[in-house]
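Chemist: The following block contains a protein sequence and its predicted model.
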Amino acid sequence: MTILVTGATGTVGRHVVNQLIQRGQKVRALTRNPLKAKLPKGVEVVKGDLSDPSTLASALADVSGMHLITTGAEYTPLQTGPEIIELAERAGVRRISVLWNGEKGPFERAVEASGLGWTQLQAFEFMANTRKWADTIRSEGVVRDLFGGSPIAPVHEADIGRVVAVALTAEGHAGKIYTLTGPESLSVQEKIRIIGEVIGRDIQFIESSEEEEREQMRKMGVQEEAIDYVIKWHLNPPALASTVFPTVQEVTGLPPYTFTAWVEENANVFIKQ
C-alpha cells in the first residue's frame, strides 16, 4: 500500500519522504506544483492542494497511511481539516500523522474524533528556522532578532521525519501526542555562537524591534495572522518550549541530532560564496 505525504516539498516533508523510502515504503507526494518537486527517484508525485479538498480524491486512492500538515500556502492555518479527514476515512486510510503547532483547532479535533489511527507531532521550533538569518550573516556578519534571550529546544527536521516514518509503519503509536525536540535548549544568542564557531566567523547579535521582526517575516511571505501568532508566542513562550523531551530517542531508538550537527550540514547557507 501507499503512504501519502502532504507538504512533501517543504522543510519537514522532504525528510518524511526520505525516511519512508529508507524503510522500504511506497511513497506518493502531494504538491501544488509537481514540476518543481525535485523529489527522489521512485516517489510518485501528484498535484493537489489541501486548501481545496476536491483536488485530493485521486491522491488518496489505495493509500494506507498519510502524513498531514495543518498549514497551507504562506503559512496560513488550513480550514479544511474536517473535510480532509472525512475523505481519508472514505478512502480507507488507516494511519495518519499530523504535524501541528500546539494550538488545537478544527483540524486537530477532527483528527481525534475520527476512526483513524492518528499520531500528533508537536515541534516548538525547527532548527531550519535559523535560515532566516542567512542573508545578514553572509553580508554583514550580523543577526537581528527580537527574541535574543528566550531559550527553546529546537528539533532537526530529519528527526521529525524519522518519528513520522516509525509512527506510520509500526504498531503502538496510535492516539499518541508526541512533543519533539533536539537534545538541548538554546537561546538565539547561543545558536548564533554555534553558527559562528562552525563557519569560523564572529557574528554580532543586534536585538530588533517588533516592527522590524514583522517586516522580516513579511518578506518571507508569512501572513499577518501567522506573524501575530509567532511574535506573541515568542514574547511569552510556554514553559514546555525550553524543555528537552526524550521522544525522538524513545520512538526511533536513535539520539536526536544536535544543532551543531544541523549547522555543519547546512554551513554553506551562512557562508558568502
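Modeler: Cool, the structure landed. Just so you know, these numbers come straight off a predicted model, no measurement behind them.
Chemist: going forward, measure contacts and count neighbours with C-alpha atoms only.
Modeler: Fine.
Chemist: The worst-scoring helix or strand of the chain on mean pLDDT: which residues count as buried?
Modeler: The weakest-scoring helix or strand in the chain, judged by mean pLDDT, DSSP states H and E, is helix 224-235 (a mean of 82). In terms of neighbour count (16 or more other CA atoms under 10 Å), helix 224-235 has its buried residues at 226-227, 231.
Chemist: Can you tell me which of these comes closest to Arg201?
Modeler: Distance to Arg201 across these (CA to CA) is lowest for Ile231, with 28.6 Å.
Chemist: before we move on, back to that, can you list the residues that contact the least confident helix or strand of the chain?
Modeler: With CA atoms under 8 Å, 6 or more residues apart in numbering as the test, helix 224-235 has contacts from 75-76, 147, 150, 210, 214, 217-218.
Chemist: Swap in 7 Å and give it another go.
Modeler: The contact list for helix 224-235 (CA atoms under 7 Å, 6 or more residues apart in numbering) reads 75-76, 147, 214, 217.
Chemist: looking at those, which has the most residues close by?
Modeler: Most neighbours among the contacts of helix 224-235, by other CA atoms under 10 Å: Arg214, with 20 neighbours.
Chemist: then the helix or strand following the least confident helix or strand of the chain to PDB, C-alphas only?
Modeler: Using DSSP states H and E, the helix or strand that follows helix 224-235 in sequence is helix 247-252. This file holds the C-alpha atoms of helix 247-252, laid out as PDB (Å, rounded to 0.1, in the frame of the first residue of the first chain):
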ATOM      1  CA  THR A 247      10.700  11.400  22.500                       C
ATOM      2  CA  VAL A 248      12.900  11.100  19.400                       C
ATOM      3  CA  GLN A 249      15.200   8.500  21.100                       C
ATOM      4  CA  GLU A 250      12.200   6.700  22.600                       C
ATOM      5  CA  VAL A 251      10.300   6.400  19.300                       C
ATOM      6  CA  THR A 252      13.200   5.800  16.900                       C
END
